[in-house]
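# pasting the sequence and the predicted model now:
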Amino acid sequence: MTSTRRFFRPTWAEVHLGALRENLRRFRRRMPRSTRILFVVKGDAYGHGAAACARAAQQARAADWLGVSSVEEGVALREAGIRLPILVLGSLYPFESFLAAVEFGLTPTVASLDSARRLAEVARRQRRRVSCHLKLETGMGRIGMSPAAAVAAAGYLAETRLVEVSGAYTHFSCAETDRAFTLEQLRRFRGALRGLAGAGVSPRLHHAANSAAALRLPAARLDMVRPGLAIYGLYPGFRAVLSLKSKVVFLKTVPRGAAIGYGATFRARRPTIVATVPIGYADGWSRRLSNRGQALLGGRRCPVIGSISMDMLMLDATAVPGVRVGDDVVLIGRQGREEIAAPEVAAAAGTIPYETTTALTSRVPRSFLPS
Ligand SMILES: Cc1ncc(COP(=O)(O)O)c(C=O)c1O
């Protein structure tokens with residue numbers, strides 16, 4: 001996704017890289033000096049465009065590490081010229097992917113004894129010393145090892161002398177919602193680290209905190225924090241990075257009683273000016289926003305009327321004086337004094353901001369702005 005791709009359909013996302021850099025700096029200022037920052041750019045940087053966001057962070061020297069979810073995502077960043085250390089946060093099964101991770105200088109996660117064995121095998125075959133981070137299960141219930149399994153895997157790797165365990169980490173499941181459970185996870189993590197230290201394994205980097213934990217729970221910051229949400233401005237106190245824009249492509253006035261959209265789920269209660277906007281669920285704009293969402297037009301909030309279709313939605317533009325075809329529509333972002341933030345859209349769709357921006361498909365060109 002580049003800013004140079006030509007597009008005619010007037011629907012696009014603007015990614016404000018200046019805001020992203022500012023968020024990284026803002027975030028860093030709130031952490032102790034020695035705390036490293038791993039900027040999470042998985043899921044195409046939560047839909048913002050991973051290569052551009054990673055490059056902005058690298059050029060500004062604003063992140064120490066990057067986090068991706070798969071080898072494919074990491075390889076794409078290396079091919080885009082990203083030199084920062086990259087941690088692959090997800091499972092590397094099938095373990096053949098370790099070979100690509102090693103070739104492209106990515107740091108894999110080891111989350112089982114089996115994966116430790118396979119990584120050592122790759123290091124042996126490649127005649128290279130590689131490094132990895134161990135993933136510990138403390139309450140997320142996704143991937144990760146019990147303290148005993150971590151000791152076994154780390155012990156095995158130490159014996160082979162081929163794989164350095166340079167980090168150990170865990171992930172919180174309720175950092176935004178349940179402080180007590182997060183503290184319990186932290187306690188379990190510390191216990192597991194003591195177990196590893198007792199077995200002679202002391203990784204340099206201990207890390208656990210996402211945006212919410214890093215900002216709210218100083219004890220969870222450890223050696224490195226792993227923010228995503230805050231850096232994209234999807235967390236209170238940070239600047240929104242992504243705006244989603246379109247234009248009115250068709251206008252009509254319908255009489256009272258007129259039906260709008262598939263299933264005729266909306267009937268006009270009065271003569272209504274209807275503006276058609278070329279964005280739909282094939283762009284990742286949730287159909288759950290049918291008859292619920294809003295968009296900005298003429299500096300006002302206009303309700304979505306009728307069902308959102310694959311490629312289009314309709315707005316009630318009756319309150320917008322002099323509305324014309326070609327007028328700007330803002331689905332996420334600011335217009336005049338009004339603003340619709342991604343978390344508001346997410347709430348209206350019954351989901352979380354992560355999903356709202358990540359869902360935007362490749363059909364929506366991203367335009368990268370330096371500001
Ligand atoms: C392992 C891991 N670390 C960190 C993050 C970043 O979390 P957030 O975007 O809430 O800061 C994620 C995101 O889901 C994650 O999966």
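Ah, there it is.
# surely A62 is in a helix?
No - assessed with DSSP: H, G, I helix; E, B strand; the rest coil, A62 is coil; it does not lie in a helix.
# and it, how far from P343?
23 Å (CB to CB, to the nearest Å). The way it works is simple: take the backbone N, C-alpha and C, and place the C-beta from them, glycine included.
# what's the answer for L183, then?
L183 is 25 Å from P343, by CB to CB.
# those two: which has the busier surroundings?
P343 (18 against 15; other CB atoms under 10 Å).
# can you classify the more buried one as helix, strand or coil?
Assignment for P343 (three-state DSSP): helix.
# helices of the stretch 101-250 of the chain, residue ranges please.
Shown for the stretch 101-250 of the chain, the helices assigned by DSSP state H, counting those that start in this stretch span residues 113-126, 147-160, 179-198, 211-216.
# give me the three-state assignment for S309.
coil.
# number of nearby residues for the residue lying closest to it once chain neighbours are set aside?
Computed as CB to CB, 6 or more residues apart in numbering, the closest residue to S309 that is not its neighbour in sequence is G280, at 5.0 Å. If you count neighbours by other CB under 10 Å, G280 ends up with 19.
# same check on L20?
Going by other CB under 10 Å, the residues that sit close to L20 add up to 27.
# what helix or strand is it on?
Using DSSP states H and E, L20 sits in helix 17-29.
# tell me the buried residues in that helix?
By neighbour count on 16 or more other CB atoms under 10 Å, the buried set for helix 17-29 is L17, A19, L20, R21, E22, N23, L24, R26, F27, R28.
# please apply the same query to stretch 219-228.
A220, R221, L222, D223, M224, V225, R226, P227, G228.
# what sits up against it?
With contacts defined as CB atoms under 8 Å, 6 or more residues apart in numbering, stretch 219-228 is touched by 27, 31-32, 34-42, 46, 64-65, 67, 167, 169, 172, 175, 182-183, 186, 204-211, 213-214, 354.
# ok, which of the residues you listed also contact the ligand?
Checking those against the ligand by CB under 6 Å from any ligand atom, the ones in range are V40, N210, S211.
# contact partners for the last one?
It refers to S211. Shown in contact with S211 (CB under 8 Å, 6+ apart): F27, A175, P227, G228, L229, A230, I231, Y235.
# the last one is in contact with A213, isn't it?
No - using CB atoms under 8 Å, Y235 makes no contact with A213, being 11.5 Å away.
# who's more crowded, those two?
Taking neighbours as other CB under 10 Å, Y235 and A213 compare with A213 leading, 26 against 20.
# do you know how far the more buried one is from I86?
22 Å.
# up against the ligand, what does the stretch 101-250 of the chain have?
H171, N210, S211, A212, R226, P227, G228, L229.
# make it 5 Å
Within the stretch 101-250 of the chain, the positions near the ligand by CB under 5 Å from any ligand atom are H171, N210, S211, R226, P227, G228, L229.
# redo those residues as TSV? Include pLDDT.
Shown next, in TSV, are these (pLDDT from 0 to 100):
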residue	pLDDT
H171	98
N210	98
S211	98
R226	98
P227	98
G228	98
L229	98
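# find the centremost residue of the protein, please.
Y46 (2.8 Å; CA atoms, centre = their mean).
# hang on, that residue packs against T358?
Yes - because the distance of 5.3 Å satisfies CB under 8 Å, Y46 is recorded as touching T358.
# highest average neighbour count across the helices of the stretch 101-250 of the chain?
helix 211-216 (a mean of 22; mean count of other CB atoms under 10 Å).
# where does pLDDT dip in the stretch 51-200 of the chain?
The stretch 51-200 of the chain contains no residues with pLDDT under 70.
# domain ranges for this structure?
31-225, 242-369 (automatic domain parsing).
# list the contacts for the closest residue to P10 other than its chain neighbours?
Residue nearest to P10 in three dimensions, not counting chain neighbours: K247, with 4.0 Å by CB to CB, 6+ apart. Neighbour list for K247: P10, T11, V277, P278, G326, D327, D328, V329 [criterion: CB under 8 Å, 6+ apart].
# could you rerun that using 6 Å?
Counting by CB atoms under 6 Å, 6 or more residues apart in numbering, K247 makes contact with P10, G326, D328, V329.
# please apply the same query to A282.
M310, D311.
# on that earlier part again, show me the contacts for the residue nearest to the centre of the chain.
Y232, T357, T358.
# looks like the second one contacts D44 (just checking).
Put plainly, it is T357. No - look at T357 against D44 with CB atoms under 6 Å: they stay out of range, at 9.5 Å.
# if you count what's nearby, which of these two comes out ahead?
T357 (27 against 21).
# which residues outside the host helix or strand of that one are in contact with it?
Secondary structure from DSSP H and E places T357 in helix 353-358. Applying CB under 6 Å, 6+ apart, the contact partners of helix 353-358 are G43, Y46, G47, L234, L242, A342, P343, V345, A346.
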